[in-house]
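A.B. asks: Sequence and computational prediction follow.
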Amino acid sequence: MMFARLFHPARAASRTAVRAGFRAVAHAAGRASLPSVTSVTAIAVAAGVLALAGCASPVSRFYTLNGNDTGTPASARAAGSPSMLIEVPPVDVPPQVAKYQFVVQTGPTQVQVLEQERWASLPGDEIRRALSSDLTARLGAIDVYGTPYPDGAPVYRVSVNVQRFESWPGSHALIDAVWSVRAVRTQTVLTCRSVVSEPVAAGYDALAEGHRRAVQEISTEIAAGVQALAAAPQTRTAVPVKGASSTAGVIKVPCPAPQGAAPAA
């Protein structure tokens, strides 16, 4: 038996109308949704930018101790033959401050490590560079550490061991250092200690400046020690004779007076 689909005009017209209605609604919805999608996209982009801005790391600030206030131009200091040679090897600092971040005192037994306030290089290297720059300017010398130099040239080795490197924001910057100057040719040694406390204003730039002044004051004392050692009799160290006094022939050079100290009576 065969079946045939009968054509009903009323039903066909109804289906055609429904399809037309769907197409009209879809078209209208599409036209209406375009601005909405654009607005949502813009809002999403703005939210993303704000989120990235909120997640960005704070800006770090960097400080250095290297500076020279002698007033002598670098070209003038470099001209001519040096009066002497010096060696400034690496400087030892306490382990707790041997880091790039500022370590500040918040109390007698408490410190705070500041992630955004940093030294341009490690504090030991900052002190070494500042001392080398200042000493060469004051003495008219050349720092030949790690560099060959002529035999017989007067060379003075400056060794520094920092015992304390304290930063008290808004109060003072303190450096306590034991240093020595050794005449390489004669092995005569001068060993001294410098304790310098510089008052500082509020702000970490003022704190760095206080440490820079402290290093310069220590450099002034070291320079005086080098000059005193250079002025001492230049006699080579003799082989001690058995039974002789260990103090016989020893050259004694006093440590220079601290800056600002009253002269001894």
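C.D. replies: Yep, it's here. A quick note: this is a predicted structure, and the numbers were derived from the prediction, not measured.
A.B. asks: and the gap between Phe62 and Gln116?
C.D. replies: Phe62 sits 10 Å away from Gln116, taking Cβ to Cβ, to the nearest Å as the criterion. C-betas here are computed from N, CA, C, even on glycine.
A.B. asks: scratch that, Ala232
C.D. replies: When distance is defined by Cβ to Cβ, Ala232 is 48 Å away from Gln116.
A.B. asks: Please apply the same query to Thr220.
C.D. replies: Computed with Cβ to Cβ, the distance linking Thr220 and Gln116 is 32 Å.
A.B. asks: ok, the nearest residue to Arg212 once chain neighbours are set aside - contacts?
C.D. replies: If the residues on either side of it in the chain are set aside, Arg212 comes closest to Leu65, at 4.8 Å by Cβ to Cβ, 6 or more residues apart in numbering. When contacts are counted by Cβ atoms under 8 Å, 6 or more residues apart in numbering, Leu65 is found next to 119, 126-127, 129-130, 208, 211-212, 215.
A.B. asks: thinking again about what came up before, which of Thr220 and Gln116 has more neighbours?
C.D. replies: A side-by-side neighbour count of Thr220 and Gln116, using other Cβ atoms under 10 Å, places Thr220 first with 18 against 13.
A.B. asks: give the contact list for that one.
C.D. replies: Counting by Cβ under 8 Å, 6+ apart, Thr220 touches 138, 259.
A.B. asks: Can you verify Ile222 is assigned to a helix?
C.D. replies: Yes. With the criterion set as DSSP: H, G, I helix; E, B strand; the rest coil, the secondary structure at Ile222 is a helix.
A.B. asks: Do I have it right that it meets Val158?
C.D. replies: Yes. With contacts defined as Cβ atoms under 8 Å, Ile222 counts as touching Val158 at a distance of 5.9 Å.
A.B. asks: between those two, who's got more neighbours?
C.D. replies: Between Ile222 and Val158, counted using other Cβ under 10 Å, Ile222 has the larger neighbour count: 28 against 24.
A.B. asks: For that one, give me the pLDDT.
C.D. replies: Reported pLDDT at Ile222 in the predicted model: 98.
A.B. asks: Also Ala42?
C.D. replies: Here the pLDDT value assigned to Ala42 is 56.
A.B. asks: With Thr237 instead?
C.D. replies: Taking Thr237 on its own, its pLDDT is 45.
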